[in-house]
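Undergrad: Using only what follows, build the 3D model:
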Amino acid sequence: MSFLSWLKKRIRKKKPAGRGRSLIASEDPVSGPDALRIQQTLAPALSVPLMAVAGATYVSKADYEERQQSLMTVLYAADPQMCSSQEWLAVFRHLFRNRCLRASGIARDKAVARAFADARQEGADLETLNAGFTAAIDQGDLDFAKSCLDRLLAIRRLHPGYRHLLEVCYRIHAGMPDGAMQGLEEGRHFSNPKYLRRDFMDYIRGKSVAVVGPASSAHLNGEEIDSFDVVVRPNCAGPVPEEAKSYAGTRVAVSAYANGILKLAGPDKEDSPVLKWVTDLDWVLFKKTTERMHPKIEATGKVVIGAVDSLIFHGAHNLMPFCVLTLLGYGPSRIKFFNSNFYFSPTVYAAGYLKNILNEDRHKKLGDMEAKLHILLGSLAAHDCVAQVHLMRQLHRAGVVELDAESLMVVSLSTEDYLAGLERIYIHPTLP
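TA: Model prediction:
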């Protein structure tokens, strides 16, 4: 059995209801799968106040604060053992999508506490230990992560590919990323062997790499960005606009995409300017390829499939953390993270980025701020923006990634302060 087949069968067989694509755009927050799960499985003492916020309207900011504070009081008092870790994560998503961001953070903390408690039990199975390991990595508790790792490695049925992935994940977060590169050199990799690229290692190894995000910035980092050996710009769909060069630099050597690029550069997009842009890059990183690439992209021979999402406690890696994790496996001398403030700004994407192009028509149809906010909160809940902040915080603490001033400011916040900041940026402007 291939590693990816094994992973799908073993690790994701308990995939929680409501996690995935449907959360991002179209669900009604009142009747989505997380809400249904809460109504059907949670005790009334918890489910009743949780469901009271579903689709709620608020007469004022004071009303919003009062109702959320009441909910937070209930959640603080709740025993983590009241729900499974996956049920707590369903509560997190439900509350986040219904605009109670600080309350959602408490539910997430309960999920972590339950994952820790379950993994400490004698005889914990593979899935339970995996949840404990990823929760420990999420929280930066390397001692508990090592304890879970040792127990996981003792399981005979553990796939060799996943065994390697666990070891690499621990080593990276412990500040020892060389193990990832060694695995590639030995032909061990957690992605599709077709995309095991030693030539990409030759391209990255020993070089300085700037990973540049899509947000605008008040810091004029353009010259510093352009001084790196390799500049990676996730979701970039064309040259850097003139107005962004002072803070974003000018160079682009590598970009990274999920499947969104294939809507603009897929098999039926022969004349797309985005297709020409992608094929002219030195390399292209993909999270996955569930949709067909244009033959011209395949023909470049410069496609890399990167890190999988199995070792994130909840959600899925955004493209910026995805790039960092993938690149660490190819031996750069240093990586620095620029212009990604984890949505801590009302302007998420500066000009020239793929998301702007893909969302333009949809946002024109939606028109109002409420509809756009619904899409954004669904996406942040599904990907788990808190997990992205935690990941980059741990990598920075481990000394394997440098952060620019804005990213460093955000990862220095507590989870409650981060979520409160998101509320001020996105929720408060919608209140009467």
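Undergrad: OK, contacts around the nearest residue to residue 392 once chain neighbours are set aside?
TA: Using CB to CB, 6 or more residues apart in numbering and skipping the chain neighbours, the partner closest in space to residue 392 is residue 411 (5.5 Å). Every C-beta, even on glycine, is put in place using the N, C-alpha and C of the backbone. Residues near residue 411 by CB atoms under 8 Å, 6 or more residues apart in numbering: 342, 389, 392-393, 396, 403.
Undergrad: Turn these into JSON lines, columns for secondary structure, distance to residue 105 and pLDDT.
TA: Below are the contacts of residue 411 laid out as JSON lines (DSSP: H, G, I helix; E, B strand; the rest coil; distance: CB to CB, whole Å; pLDDT from 0 to 100):
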{"residue": "342", "secondary structure": "coil", "distance to residue 105": "14", "pLDDT": "92"}
{"residue": "389", "secondary structure": "helix", "distance to residue 105": "11", "pLDDT": "96"}
{"residue": "392", "secondary structure": "helix", "distance to residue 105": "17", "pLDDT": "95"}
{"residue": "393", "secondary structure": "helix", "distance to residue 105": "15", "pLDDT": "96"}
{"residue": "396", "secondary structure": "helix", "distance to residue 105": "20", "pLDDT": "95"}
{"residue": "403", "secondary structure": "strand", "distance to residue 105": "22", "pLDDT": "97"}
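Undergrad: Quickly check the residues you listed for the two that are furthest apart.
TA: Within these, 342 and 396 form the most distant pair, 12.7 Å apart (CB to CB).
Undergrad: neighbour-wise, which of these two wins?
TA: A count of neighbours by other CB atoms under 10 Å puts residue 342 above the other of residue 342 and residue 396, at 26 against 17.
Undergrad: ok, now which ones touch the more buried one?
TA: Contacts of residue 342 (CB under 8 Å, 6+ apart): 385, 388-389, 392, 407, 410-411, 418.
Undergrad: Quick one: buried ones out of these?
TA: Neighbour counting with 16 or more other CB atoms under 10 Å marks 385, 388-389, 392, 407, 410-411, 418 as buried within these.
Undergrad: Among those, which ones are in strands?
TA: Among the buried ones among the contacts of residue 342, DSSP state E puts none in strands.
Undergrad: Among these, which pair sits farthest apart?
TA: Every pair of these checked by CB to CB; the farthest is 385 and 407, at 13.3 Å.
Undergrad: now the stretch 101-250 of the chain, which segments are flagged as low pLDDT?
TA: Where the stretch 101-250 of the chain drops to pLDDT under 70, the residues are 179-196.
Undergrad: quick one, helices of it?
TA: 101-119, 126-139, 142-153, 160-173, 178-185, 198-204, 222-226, 245-248 (DSSP state H, counting those that start in this stretch).
Undergrad: Any chance of these in a markdown table with distance to residue 293 and mean neighbour count as columns?
TA: Formatted as a markdown table, those follow (distance: least, CB to CB, whole Å; neighbours: other CB atoms under 10 Å):
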| stretch | distance to residue 293 | mean neighbour count |
| --- | --- | --- |
| helix 101-119 | 36 | 23 |
| helix 126-139 | 30 | 23 |
| helix 142-153 | 34 | 17 |
| helix 160-173 | 24 | 21 |
| helix 178-185 | 22 | 17 |
| helix 198-204 | 17 | 17 |
| helix 222-226 | 28 | 17 |
| helix 245-248 | 27 | 20 |
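Undergrad: Nearest to residue 298, out of these?
TA: Of the helices of the stretch 101-250 of the chain, the one closest to residue 298 (CB to CB) turns out to be helix 198-204, at 15.3 Å.
Undergrad: before we move on, the earlier item: which among the contacts of residue 342 gets closest to residue 128?
TA: Proximity of the contacts of residue 342 to residue 128 (CB to CB) peaks at residue 388, which lies at 24.3 Å.
Undergrad: Can you flag which of the contacts of residue 342 belong to helices?
TA: 385, 388-389, 392, 407, 410-411, 418 (DSSP state H).
Undergrad: Export the residues you listed to JSON lines and append columns for distance to residue 255.
TA: Output for those, formatted as JSON lines (distance: CB to CB, whole Å):
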{"residue": "385", "distance to residue 255": "22"}
{"residue": "388", "distance to residue 255": "19"}
{"residue": "389", "distance to residue 255": "23"}
{"residue": "392", "distance to residue 255": "19"}
{"residue": "407", "distance to residue 255": "19"}
{"residue": "410", "distance to residue 255": "23"}
{"residue": "411", "distance to residue 255": "24"}
{"residue": "418", "distance to residue 255": "27"}
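Undergrad: Could you tell me the phi and psi values at the residue positioned nearest the centre of the chain?
TA: Nearest to the mean C-alpha position of the chain, by CA atoms, centre = their mean, lies residue 317 at 2.6 Å. Per-residue torsions, residue 317: phi -60, psi 130 (degrees, to the nearest 10).
Undergrad: rewinding a little: CSV please, covering the helices of the stretch 101-250 of the chain and showing distance to residue 89.
TA: Formatted as CSV, these follow (distance: least, CB to CB, whole Å):
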stretch, distance to residue 89
helix 101-119, 5
helix 126-139, 10
helix 142-153, 18
helix 160-173, 20
helix 178-185, 28
helix 198-204, 34
helix 222-226, 36
helix 245-248, 35
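Undergrad: do you know which of these lies nearest residue 234?
TA: Going by CB to CB, the one of these nearest residue 234 is helix 245-248, 12.5 Å.
Undergrad: chain center to that closest one, what's the gap?
TA: 25 Å (CA atoms, centre = their mean, to the nearest Å).
Undergrad: quick one: residue 134 and residue 387 touch, right?
TA: No - counting by CB atoms under 8 Å, residue 134 stays clear of residue 387, with 9.4 Å between them.
Undergrad: list the residues that contact both of the two?
TA: Common neighbours of residue 134 and residue 387 (CB under 8 Å, 6+ apart) are 312-313.
Undergrad: Which parts of the stretch 251-400 of the chain are helices?
TA: Under DSSP H, counting those that start in this stretch, the stretch 251-400 of the chain gives helices at 261-265, 273-280, 295-299, 319-328, 354-366, 369-383, 385-397.
Undergrad: hey, which of the ones you listed is tucked in deepest?
TA: Comparing the helices of the stretch 251-400 of the chain by mean neighbour count (mean count of other CB atoms under 10 Å), helix 319-328 ranks first with a mean of 26.
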